[in-house]
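Undergrad: my questions concern the predicted model and sequence given below.
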Amino acid sequence: MVLIVVLALIAPYFLDADRYRALVAGTIETQTGRKVTIGKIRARLLPRAGVVVEGFGLGNPPNFAAGDLVSADAIRVNLAWWPLLRREVQVSSIELVRPKFVLLENDRGETNYFWRGNSTGNNPPASAQPGAAAASAWPLAAIERLELTEADVTLARVIGRARTVAPAWHAQRIRAELSNVALRPLQPRQWEGDLPLAGVLLELPGWTSPLEFRSGCLKLREGRIESEFRLRMGKAGEFQGTLRVANIERPQSAFDLSTSRLKVDRLLALRAAAPPSVPPGARPARSELVAQGHLAADRLDWQSYQTGRGAADIRIFTDRLELWPVAIELYGGTLQISARADRTQSPERFSANVQVRNLDMGKLSAASSATFRRKLSGTGELDLQLFGSLGPAWQRSLAGTGRFAIRDGRLPGLDLAGALESLAKLGGVAGETPFNVIEGDLAIRQRRIGSRRIHMDSPRGLVDLAGSFGLDSTLDYTGRAVLNAGGAQSLTGEIAGVLGGVLKREVGHVTIPFRLRGTFADPQLLSGAPGIAVPASTPQRASPLQQQKKSILDIFRRP
């Protein structure tokens, strides 16, 4: 037994298996119609009879971009013993060491990994191929087992006459074991296998870090893929999900993802400038659905804000991404968003419709930073259309229009300056103002949110202002406040009483122009000279001195 083992270890060094390199390459080229590159071939007898190929590449068909469908650092081919004793070569299993698969689909729906035709595929006649005479002696029929070790898989599209390759996703660290692998012709529907997902990394275009699978398994049966898994999206959150593909020859995925907590700001931080899935100037011949699914989160966090349950339906096409609808429970109300991203532009352009209803502004302001905390109460609503890009300069590209309204709330007192501060102190008013409605228009452009008119209707008067604030928190508004002459306990009642006593006339209302500058953290309210209106129905009464002085001669008369 020792002698047999020693001979089995030594014999491969005396067997020149590399002389069959041209034969092997010619056989594979004949039966696949693909360009093949093969490195040095070494024979082995233990632990199983077979050969080791140091380097391998199987090219794309002629109608695709240059490159390989599959390449590997090494291939270990195991042969069946009994057919080998009869001088017949029968492959029992193949192990690909660190293989790289690049799966391509062109704009006509053709792929580089599946072709239709006769038993040899769309190949030239066998007589035209090198080594054709010996090809029949080594048929690439079904392989009992195909093993993948540390595999990389890239899915991409070939666009336009220039055959530009646009990646869709890239997976790393794949380990798999497949059986019933039919290669002549290539019939993936017959393949079966299991792929452990723990440790697999999935890179997506435009994401700064890959998605990491924590557990799960992908099962391939009868041309269908089914999987349950857990994955982590950086620091944004951990998801559990399912994946289904009904036909691997025409892959269209259906997925379901859910998480207990999603950190939206961390998720946005994962996004970076991405090359378009379709190069500029080229468009796919067809707009096809690639994947669709459902995303749900029990809680969403963004900076200091928290929401209730959120859910969205996602559809991924060859040329666009659609979210319809996104529904989120938000501080007693609802937030609904429908969005679309154009994947043919770089960076991706998006459009979105935003609708907010029954938002509790008191809860929202209480959850905000110290700048806004307890500044506002009431019930808010918002309708907004947004446009922009998903690149790093998204703030500069953001544009949109809309309207908002806040009803039946209170405005806490502000740190007023100048004349307004004096009037407020004179009235001795508590630090808040009730209002019936605050409403206005919105226009977003060049990192600022502007309004042509914001109107507040309050029992104490009316306020109108126009201007804008920036995404850098700067303020730039001009407006006026029209204060009604109310009861004795109101600010305007006190002001009207004092001014009426000074002017010896009844005061109807006070108009105060103002400018709002500074920042949210340090607002500066600058007021102008107040304007005083006298009711038209109030006659002006002459003072006793005016009644006595009828003419200039009355000055010299005795009293």
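TA: Thanks, I have it.

Undergrad: what about Ser338, how many neighbours?
TA: Residues contacting Ser338 under the criterion other C-beta atoms under 10 Å number 16. No exception for glycine: its C-beta is placed from N, CA and C like everyone else's.

Undergrad: span of stretch 32-52 from start to end?
TA: 21 Å (C-alpha to C-alpha, to the nearest Å).

Undergrad: rounded mean pLDDT for it, please.
TA: Stretch 32-52 shows a mean pLDDT of 81.

Undergrad: please tell me how far it is from the chain's geometric centre.
TA: In terms of C-alpha atoms, centre = their mean, to the nearest Å, the centre of stretch 32-52 is set 45 Å apart from its chain centre.

Undergrad: would you indicate which residues of that stretch are buried?
TA: Buried residues in stretch 32-52, counted by 16 or more other C-beta atoms under 10 Å: 32-36, 38-39, 41-45, 49-52.

Undergrad: show me where the stretch 151-300 of the chain has helices.
TA: Taking DSSP state H, counting those that start in this stretch as the criterion, the stretch 151-300 of the chain contains helices spanning 264-269.

Undergrad: hang on, Gly378 packs against Asn358?
TA: No - between Gly378 and Asn358 there is no contact under C-beta atoms under 8 Å: 11.0 Å.

Undergrad: neighbour-wise, which of those two wins?
TA: Gly378 (21 against 12).

Undergrad: gap between that one and Ala151?
TA: Relative to Ala151, Gly378 is positioned 58 Å away (C-beta to C-beta, to the nearest Å).

Undergrad: pLDDT at Ala156, what is it?
TA: 84.

Undergrad: so how many other residues sit close to it?
TA: Ala156: 20 neighbours (other C-beta under 10 Å).

Undergrad: again with the one 5 residues further on
TA: Number of residues near Arg161 (other C-beta under 10 Å) recorded here: 7.

Undergrad: over to the one 3 residues further on?
TA: By the criterion of other C-beta under 10 Å, Thr164 has 16 neighbours.

Undergrad: not counting its neighbours along the chain, what's nearest Glu439?
TA: Closest residue in space to Glu439, ignoring its immediate chain neighbours: Ala405 at 4.1 Å, by C-beta to C-beta, 6 or more residues apart in numbering.

Undergrad: got a list of contacts for the helix or strand containing the one you found?
TA: Per DSSP states H and E: Ala405 is located in strand 399-412. For strand 399-412, contacts defined as C-beta atoms under 8 Å, 6 or more residues apart in numbering pick out 354, 361-362, 374-388, 431-445, 456.

Undergrad: and the buried ones among the residues you listed, selectable in ChimeraX?
TA: One line in ChimeraX is enough to select the buried members of the contacts of strand 399-412, burial here meaning 16+ other C-beta under 10 Å:
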select :354,361,362,375,376,377,378,379,380,381,382,384,386,388,432,433,435,438,440,442,444,456
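
Undergrad: inside strands: which ones of the contacts of strand 399-412?
TA: 354, 379-388, 432-445, 456 (DSSP state E).

Undergrad: about what we covered before: C-alpha coordinates for the strand holding Ala405, CSV please?
TA: Coordinates of each C-alpha in strand 399-412 appear next as CSV, following Å, rounded to 0.1, in the frame of the first residue of the first chain:
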residue,chain,number,x,y,z
ALA,A,399,-35.8,71.9,-7.0
GLY,A,400,-39.5,71.8,-6.5
THR,A,401,-42.8,73.6,-5.8
GLY,A,402,-45.6,73.1,-3.4
ARG,A,403,-47.9,74.5,-0.7
PHE,A,404,-48.3,74.1,3.0
ALA,A,405,-50.7,74.9,5.8
ILE,A,406,-50.7,74.8,9.6
ARG,A,407,-54.1,75.1,11.3
ASP,A,408,-55.3,75.9,14.8
GLY,A,409,-52.0,76.3,16.6
ARG,A,410,-49.9,78.6,18.7
LEU,A,411,-46.6,80.5,18.0
PRO,A,412,-44.4,80.8,21.1
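
Undergrad: so which bits of that strand are buried?
TA: Those buried within strand 399-412 under the rule 16+ other C-beta under 10 Å are Gly400, Gly402, Phe404, Ile406, Gly409, Arg410, Leu411.

Undergrad: show me the contacts for the closest residue to Trp207 other than its chain neighbours.
TA: Take Trp207 and drop its neighbours on the chain: the residue closest to it by C-beta to C-beta, 6+ apart is Leu270, 5.1 Å away. Leu270 makes contacts with Trp207, Thr208, Ser209, Met233, Gly234, Ala236, as judged by C-beta under 8 Å, 6+ apart.

Undergrad: cool, and Leu69?
TA: Arg34, Leu58, Gly59, Asn60, Phe101, Val102, Leu103, Leu104, Asn112, Tyr113.

Undergrad: and Arg452, how many neighbours does it have?
TA: 10.

Undergrad: over to Val264?
TA: With other C-beta under 10 Å as criterion, Val264 counts 17.

Undergrad: that one and Ala339: what is the separation?
TA: 14 Å.

Undergrad: how close does Arg21 get to Gly59?
TA: In terms of C-beta to C-beta, Arg21 sits 17 Å off from Gly59.

Undergrad: higher neighbour count, those two?
TA: Gly59 (20 against 14).

Undergrad: low-confidence stretches in the stretch 51-200 of the chain?
TA: 81, 83-85, 87-89, 115-142, 160, 162, 182-186 (pLDDT under 70).

Undergrad: mind listing what Glu212 touches?
TA: Taking C-beta under 8 Å, 6+ apart as the test, what Glu212 contacts is Gly199, Val200, Leu201, Leu202, Leu231, Arg232.

Undergrad: on the pLDDT front, check it for me.
TA: 94.

Undergrad: that one bridge partners, please.
TA: Residues in a beta bridge with Glu212, per DSSP bridges, are Leu201, Arg232.

Undergrad: next one: Gly467
TA: With DSSP bridges as the rule, Gly467 is bridged to Ser451, Tyr477.

Undergrad: how many neighbours does it have?
TA: Gly467: 18 neighbours (other C-beta under 10 Å).

Undergrad: just the pLDDT at it, thanks.
TA: Gly467 is given a pLDDT of 95.

Undergrad: need the contact list for it.
TA: Gly450, Ser451, Leu475, Asp476, Tyr477, Thr478, Gly479, Leu516 are the contacts of Gly467 under C-beta under 8 Å, 6+ apart.

Undergrad: many thanks, I have nothing further to ask.
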